[in-house]
Every structure is written in structure tokens, then in C-alpha cells.
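Asker: predicted structure and sequence below. I'll ask about it afterward.
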Amino acid sequence: MDNERREYFRVTTNAFVAVAPIDQDHNSIPEYFPKISQFTLHQQLEEINNDCFEQLNLLKDKTAHKILNLQNQKIDIVLKLVQQKAIESANLVTQSIEIGEGGMSFVSKDVYGLNTELAIMVIFTPSYQVVYCQGTLVDQSSQDKCHIQFEKLAETQRQKLVQHLMKEQTAQRSS
């Protein structure tokens with residue numbers, strides 16, 4: 001397990017983490033976290049924002065480009081406010097985690113049995129980038145540290161995770 005887990009690059013970063021045991025009543029990972037469902041909308045807004053950015057770059061009128069860019073920034077600020085309120089209402093606390101493509105470790109007050117399948121929502125700070133994944137608890141130490149091995153990481157989620165890992169690695173090297 002240690003060799004497998006260390007096969008992937010890992011970083012230490014700050015994030016909010018929500019976890020729930022997998023059951024048969026839910027069809028997708030976001031469904032496990034209804035108090036913070038706004039983050040599923042965040043993904044849709046990100047896609048729209050990417051499309052808008054492409055179109056903005058096609059605009060020849062610099063004033064229109066600037067105005068639309070400022071509008072996007074305003075929307076992003078409002079979205080962050082909504083996300084912050086959702087995090088507060090779910091009583092999530094930011095913590096230092098270790099994460100890589102193969103899995104993650106974080107602190108949890110909840111106790112799960114070894115090999116428990118878990119739905120996991122990771123919200124990276126300060127970007128509020130969200131990754132949804134499914135993993136198996138491979139170890140939980142006496143200090144409430146959970147070690148998760150990712151099982152079913154969708155390609156889109158894997159790409160988001162890798163993107164965050166690369167940004168974090170670059171930031172850590174710069175400082």
C-alpha cells in the first residue's frame with residue numbers, strides 16, 4: 001500500500017473536507033452534501049465562465065471587453081460569498097491536508113471502519129476549487145488522521161485535482 005500510495009505526487013495544502021459513508025441511496029457524490037450543494041453550481045458556472053472568456057478574447061472593442069470582464073469579476077465575488085456562507089452553514093473548517101492523485105490524508109472527528117467506502121468533497125482554499133471523489137479508508141490513526149485511497153476518481157475530477165496540485169507545487173517552489 002505504501003508503495004502504491006507514494007506512486008503519485010503529493011502536496012500539503014489547505015482545504016475544507018466533507019466526508020460521508022457511501023450508501024445505496026445516492027447516485028452521485030455531490031448528493032451526499034446537500035448543505036453545500038451550491039458547489040455543484042460552481043462547476044457549471046466555471047464551464048460557462050470558460051466559454052465567456054473565449055468569447056471575450058474575440059471582442060475587438062476594448063471598452064466592451066473591459067466592461068464584460070469586470071462583470072465576470074463581480075459575479076465571481078458574489079459566488080465566493082455564497083460559497084463562504086454555504087461552508088459556514090455546513091460547519092466546515094479549513095485544515096491542512098496531504099493530497100495527490102492516489103489519495104489524501106486529513107483530520108476527521110468521525111470514526112470510520114477500515115475499508116469503509118467514502119464520498120469525499122474537497123474545497124481548496126483560497127480558490128474554492130472543488131473536487132468530488134470516492135475513496136476507501138485505509139488507515140485512521142489515534143490522532144483522528146484519516147488516510148484515504150481514491151477509488152473512483154472521474155477524469156474531470158482527476159484533471160481538476162492535477163491542475164490544483166501543479167498550481168500548489170508552483171506556489172510552494174516560489175515561496
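Answerer: In hand now; what should we look at?

Asker: ok, residue 23 to residue 119 distance?
Answerer: 9 Å (C-beta to C-beta, to the nearest Å). C-beta: built from backbone N, CA, C; applies to glycine.

Asker: which of these two has more neighbours?
Answerer: residue 119 (21 against 9; other C-beta atoms under 10 Å).

Asker: for residue 81, see how far away that one is.
Answerer: Residue 119 is 26 Å from residue 81, by C-beta to C-beta.

Asker: and the residue sitting nearest the centre point of the chain, its phi and psi?
Answerer: The structure's the chain has its C-alpha centroid closest to residue 130; by C-alpha atoms, centre = their mean the separation is 2.6 Å. Main-chain dihedrals, residue 130, degrees, to the nearest 10: phi -110, psi 140.

Asker: just give the closest residue to it, not the sequence neighbours.
Answerer: Closest residue to residue 130 apart from its sequence neighbours, by C-beta to C-beta, 6 or more residues apart in numbering: residue 39 at 4.6 Å.

Asker: looks to me like that neighbour is in a helix.
Answerer: Yes - assessed with DSSP: H, G, I helix; E, B strand; the rest coil, residue 39 lies in a helix.

Asker: can you tell me which residues contact it?
Answerer: 30, 33, 83, 86, 121, 123, 128, 130 (C-beta atoms under 8 Å, 6 or more residues apart in numbering).
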